[in-house]
Each structure stands twice: as C-alpha cells, then as structure tokens.
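Q: Curious how this folds, go ahead:
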Amino acid sequence: MKLSVEFLGFYGAADVTARDTVEWPPHPDRLYQALVDAALPEDRPVLAWIEQQTPPDIDCGEAVPLQWGKGKTYVPTNYPNDTLPDLRKKQERQFPMALPDGPVKYVWNADPPEEVFSSISRTVARVTHLGRSDSLAMLAVEPGFIPCRWMVQDNGSVSMRVAHQGRLQQLDSAFARGQRSPIATQVRYANRSKTGYESGPWEGLIVMRLTKPISIEHVALATDALRRAVLSKLGDAAPLLAHGHTAAMHLGWLGLPNLSDYGDGTILGLAMAVPKDCDSTERANCVAAMLSVNHIMLAGIRFNLTRPTAAMSLHERTWSRPSRRWVTATPVVLDRFPKGKITASEIVAHGCERAGYPRPIKVELAQTSAIAMPPAREFKLRKPGGLYAHAVLEFERPVQGPMLIGKERYFGLGLFLPQDART
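A: Residues are numbered from 1 along each chain as shown. Below you'll find the model as predicted:
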C-alpha cells in the first residue's frame with residue numbers, strides 16, 4: 001500500500017529531539033496520528049491494521065529549511081487546560097518551517113483487505129494537514145509497492161517514531177485523560193540511494209485547481225496568464241527564476257488536462273514547475289507568490305484558482321513517476337525546423353537532451369495524441385509559426401518526470417504523461 005502526502009506549500013513540524021529544527025521526513029507515527037484524528041468513529045478501529053504491519057518505507061526528496069519561524073515566541077501552555085489562555089503560564093516556543101521539494105510517500109509491503117483499504121481511503125481524504133495546522137497537505141492512497149529512499153534497517157543512521165501494536169488504544173487513553181500523546185516506539189531507518197531510473201531536471205510541482213475549466217487548446221495562453229499573475233505578486237523584486245529572462249532553467253508553467261475516463265479536452269488545474277538546484281530563498285518567494293494567486297485573466301474572463309482536489313490530473317505523482325514510455329498531453333513545439341538530414345524526430349530527441357533528460361531510443365511523431373487529447377493542429381501557440389506535433393518517447397531506462405520538452409516547454413506545451421499513468 002502506498003500513501004502519498006503532497007504539501008500545499010510549507011511544512012512545519014518540530015523534531016521532538018531538537019525543537020528548533022524541522023522533522024524531516026515526517027515520521028510514520030506523525031502520519032498515523034493525523035489519520036486517527038481525521039477518522040470517523042466507524043473507521044478508527046480499522047486503522048489498527050497499520051499497527052500490525054512492519055513500519056513503512058519512506059520515499060521523499062529534501063526539504064529546504066527556512067529562516068521563518070526560527071525566532072523565539074512565548075505562547076500559553078496547552079497543559080493544563082483548565083484556565084483561560086490569558087491566565088496560563090507562557091513558555092518559549094519556536095515554529096521551524098521547511099519547503100519540501102516534492103511529495104512524501106509511505107509504502108507498506110502489504111495491501112490491506114478491501115474493506116480495510118476502503119476505510120483507510122475515506123480517512124485519508126479527510127486529512128487536511130500533517131504537522132502543524134498551517135502545514136496544509138493533500139493525501140492519497142493506492143495499492144502497490146515502489147522502492148523507497150528510506151527503509152527500516154537495524155544499523156540505520158536515523159531513528160523515526162512508528163505506530164506500534166496498541167498505539168491506537170494508547171492515543172485514545174491519553175486523550176481521555178487530557179494528556180499529551182506518549183512518544184511512540186522508534187526504529188532505525190537507513191537512507192538507500194535511488195537507483196533504477198534517471199532523474200529529471202525538475203524538483204516538483206505546485207498545483208492549483210481551476211474552478212472553471214479552460215479548453216486545453218489554449219494552454220499556452222493560460223500558462224502565460226498564470227506567469228503574469230505570479231510576477232505581479234512578486235513585483236519589481238521578481239528573480240530571474242520567475243521571469244525567465246535568462247539562459248538558465250527557470251520556472252515552468254503547466255496546464256494539467258482532465259485525465260479521467262470522462263476527459264473532455266479541458267484544463268482542470270495550473271501548476272508551477274520548480275527546477276532543481278535553484279536558490280532556496282528565491283524558490284520560497286516564488287512558491288509563496290504562486291499560492292497567493294487566486295485567479296487569472298484570460299481574454300477578459302476571470303478564472304478563479306483554489307486548492308487542488310484528489311483528481312488524478314492534479315496529483316504531482318501522476319506527472320512525476322518514472323517511466324520508460326511517455327506520451328504527449330500537449331504537443332511538442334520543435335526547437336527548429338527540419339533541414340537536410342535533420343529530421344523532426346531527431347530534433348525532438350535532441351530537445352530531450354537540451355531540456356535535461358537522457359536521449360530517447362525511440363521517437364514517434366503524429367498529429368493525433370496517443371491519449372484522449374485534441375489533435376496537435378488545434379492547439380494555439382503564443383507566437384504563431386512553429387512546427388509542432390504529438391509524440392511518444394521511449395527511453396532505455398525509466399526517466400522521472402515531470403517531462404517538458406521543446407521550444408514552448410516553459411508554457412505548458414510539450415507536457416508528457418507516463419504511458420501507464422492511467423492504468
């Protein structure tokens with residue numbers, strides 16, 4: 001069973017052994033307590049299934065610590081809670097924060113029975129945050145197993161708290177007595193380097209949902225509108241990372257199409273792709289600006305933006321999971337026109353390398369998409385005159401997304417989807 005946590009911005013939770021630092025990755029017991037808190041009465045007993053399993057492996061990237069929240073603050077104590085806040089003694093507190101570079105995945109080596117899985121799914125959908133209440137998150141669960149970065153190992157370098165047998169009863173007892181939850185059992189985790197697939201140039205996606213869909217053919221115009229909205233939030237201090245007037249990699253702007261069985265050729269959400277190895281402060285400012293945008297203007301019409309739902313199209317993992325075969329959701333705009341012995345397929349293959357990916361072993365071009373998307377000729381470019389087509393790419397080894405290829409890759413064209421993403 002795989003449970004994925006996508007943070008919708010910043011993550012805040014103090015390490016219990018060092019209150020001035022962020023706990024990363026979030027310990028499995030922190031996740032378990034969030035599930036217990038969110039579960040309906042009829043679903044809570046089923047969570048005991050998690051206690052009976054070996055602790056989950058964890059897959060995640062890094063989290064960039066922020067200076068915000070490191071100052072000392074004095075707040076009323078929560079325990080005892082029999083007086084008004086103004087009458088309680090105050091204690092020193094710090095609220096460390098970090099910016100995750102992608103989702104955190106908890107992977108158990110077994111799938112629960114169908115009724116248990118259904119109960120866990122309902123509970124996962126009710127979780128709104130992990131860590132402090134301002135650490136907004138979107139959770140999703142699915143069956144299956146993937147290799148992870150962190151795995152349980154006796155001689156591991158990091159101790160993490162995990163849900164142990166009887167943990168649910170322990171939490172209930174502490175709550176009934178008005179006490180803090182006792183610290184859970186700790187196990188050792190070892191950091192296992194990721195192998196088996198090539199990493200891409202992008203660190204992650206920041207996703208927002210459109211309350212009113214936009215036709216996928218206008219994705220380049222919609223993403224340009226999103227870029228302008230974010231730049232307006234950043235003002236004159238907008239970094240090169242945001243406005244892109246540089247030869248280096250900068251933010252990419254994506255339109256995420258409806259991938260459901262009822263896909264109607266519309267964009268359900270907009271996203272900001274963040275490149276790897278960018279300045280952490282600039283990244284944090286750009287993410288904050290993105291999350292503060294509540295609408296874009298397109299052809300004089302206002303399109304509101306809000307928090308993502310659990311739709312497959314709006315999950316970062318849909319676009320980021322490693323795959324050997326990738327298909328276009330939006331057509332690739334060639335970096336140049338074919339000439340002489342340089343074919344369109346050769347230009348696309350070179351474009352993969354230019355965009356930071358390995359060279360594909362096979363490139364197939366067509367006007368029609370391998371998935372339910374409009375033909376390439378129906379898409380509108382920001383600047384007319386380019387040559388563009390749908391494509392299928394095959395690599396020698398799996399490549400991690402998101403995958404953006406071609407001349408207009410920073411504006412939502414040339415967005416690929418793992419071919420097996422919908423299976």
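Q: Leaving aside the residues adjacent along the chain, what's closest to residue 204?
A: In this structure, residue 204 finds its nearest non-sequential neighbour in residue 102, 4.0 Å apart by C-beta to C-beta, 6 or more residues apart in numbering. C-beta here means a position set from N, CA and C on the backbone, and glycine is covered the same way.
Q: Tell me how many other residues crowd the one you found.
A: Neighbour count of residue 102, defined by other C-beta atoms under 10 Å: 20.
Q: which phi and psi does it have?
A: Dihedral pair for residue 102: phi 170, psi -180, per degrees, to the nearest 10.
Q: Check the spacing between it and residue 160 real quick.
A: 19 Å (C-beta to C-beta, to the nearest Å).
Q: show me what contacts the residue nearest to residue 204?
A: Shown in contact with residue 102 (C-beta atoms under 8 Å, 6 or more residues apart in numbering): 60, 61, 203, 204, 316, 320.
Q: From residue 177, how far off is it?
A: According to C-beta to C-beta, residue 102 stands 39 Å off from residue 177.
Q: Repeat that for residue 49.
A: If you go by C-beta to C-beta, the gap between residue 49 and residue 177 works out to 26 Å.
Q: if you count what's nearby, which of those two comes out ahead?
A: Legend: neighbour count by other C-beta under 10 Å for residue 49 and residue 177, higher for residue 49 (17 against 8).
Q: contacting residues for the more buried one?
A: Counting by C-beta under 8 Å, 6+ apart, residue 49 makes contact with 112, 116, 120.
Q: what sits opposite residue 129 in the beta ladder?
A: Judged by DSSP bridges, the bridge partners of residue 129 are residue 136.
Q: Find me the pLDDT at it, would you?
A: On pLDDT, residue 129 comes in at 92.
Q: ok, now which ones touch it?
A: Shown in contact with residue 129 (C-beta under 8 Å, 6+ apart): 34, 135, 136, 137.
Q: on that earlier part again, who wins on neighbours among the contacts of residue 49?
A: residue 120 (21 neighbours).
Q: That one: what secondary structure?
A: Three-state assignment for residue 120 (DSSP: H, G, I helix; E, B strand; the rest coil): helix.
Q: Does it touch residue 44 like I think?
A: No. Contact criterion C-beta atoms under 8 Å: residue 120 and residue 44 do not qualify, at 11.0 Å.
Q: ok, of the contacts of residue 102, which one's closest to residue 167?
A: residue 60 (22.3 Å; C-beta to C-beta).
Q: and the closest residue to that closest one other than its chain neighbours, what are its bridge partners?
A: Nearest non-adjacent residue to residue 60, counting by C-beta to C-beta, 6+ apart: residue 104, 4.2 Å away. Counting by DSSP bridges, residue 104 is bridged to residue 5.
Q: Could you give the separation of the host helix or strand of residue 391 from the chain centroid?
A: Counting by DSSP states H and E, the element that carries residue 391 is strand 388-399. Relative to its chain's centre, strand 388-399 lies at 22 Å (C-alpha atoms, centre = their mean, to the nearest Å).
Q: next one: stretch 315-329
A: Chain-centre distance of stretch 315-329: 13 Å, with C-alpha atoms, centre = their mean.
Q: Helix, strand, or coil at residue 35?
A: What three-state DSSP gives for residue 35 is helix.
Q: my guess is it contacts residue 124, does it?
A: Yes. Here residue 35 lies in contact with residue 124, judged by C-beta under 8 Å, at a distance of 7.0 Å.
Q: show me the residues around residue 259 that make contact.
A: By C-beta under 8 Å, 6+ apart, the neighbours of residue 259 are 312, 313, 318, 329, 371, 417, 421, 422.
Q: Dump these into a markdown table; add pLDDT, neighbour count and distance to residue 271 as well.
A: Converted to a markdown table, these look like this (pLDDT from 0 to 100; neighbours: other C-beta atoms under 10 Å; distance: C-beta to C-beta, whole Å):
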| residue | pLDDT | neighbour count | distance to residue 271 |
| --- | --- | --- | --- |
| 312 | 79 | 15 | 14 |
| 313 | 85 | 23 | 10 |
| 318 | 87 | 20 | 11 |
| 329 | 94 | 28 | 12 |
| 371 | 87 | 17 | 18 |
| 417 | 94 | 27 | 13 |
| 421 | 71 | 22 | 15 |
| 422 | 57 | 14 | 18 |
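Q: mind putting those in TSV, secondary structure included?
A: Putting the contacts of residue 259 into TSV (three-state DSSP) gives the following:
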residue	secondary structure
312	helix
313	helix
318	helix
329	coil
371	coil
417	strand
421	coil
422	coil
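Q: Name the member of the contacts of residue 102 that has the highest neighbour count.
A: Among the contacts of residue 102, the one with the most neighbours (other C-beta under 10 Å) is residue 204, at 24 neighbours.
Q: May I have the phi/psi pair for it?
A: Main-chain torsions, residue 204, degrees, to the nearest 10: phi 170, psi 180.
Q: OK, contacts around it?
A: Residues near residue 204 by C-beta under 8 Å, 6+ apart: 61, 100, 101, 102, 103, 273, 274, 316, 320.
Q: Show me the residues you listed that map onto strands.
A: Residues of those located in strands (DSSP state E): 100, 273, 274.
Q: among these, which ones are buried?
A: 100, 273, 274 (16 or more other C-beta atoms under 10 Å).
Q: residues contacting the last one?
A: For residue 274, the contact set (C-beta under 8 Å, 6+ apart) comprises 101, 202, 203, 204, 205, 206, 251, 283, 286, 287.
Q: Over to residue 213?
A: By C-beta under 8 Å, 6+ apart, residue 213 lies in contact with 258, 264, 266, 267, 268.
Q: Got the confidence number for it?
A: 90.
Q: Kindly report the same for residue 218.
A: With respect to pLDDT, residue 218 scores 95.
Q: Look up the closest residue to it, ignoring the ones flanking it.
A: residue 380 (5.7 Å).
Q: circling back: and the least confident of the contacts of residue 49?
A: Lowest-confidence member of these: residue 112, scoring 86 (pLDDT).
Q: Low-confidence ranges, the stretch 51-200 of the chain, go.
A: Scanning the stretch 51-200 of the chain for pLDDT under 70 picks out the ranges 67-95, 193-196.
Q: can you map out the helices along it?
A: Ranges of helices within the stretch 51-200 of the chain are 114-126, 167-176, based on DSSP state H, counting those that start in this stretch.
Q: Show me what the shortest one is in contact with.
A: This points to helix 167-176. Applying C-beta under 8 Å, 6+ apart, the contact partners of helix 167-176 are 29, 32-33, 36, 44-45, 47-48, 51, 180-182, 184.
Q: Lovely, talk soon.
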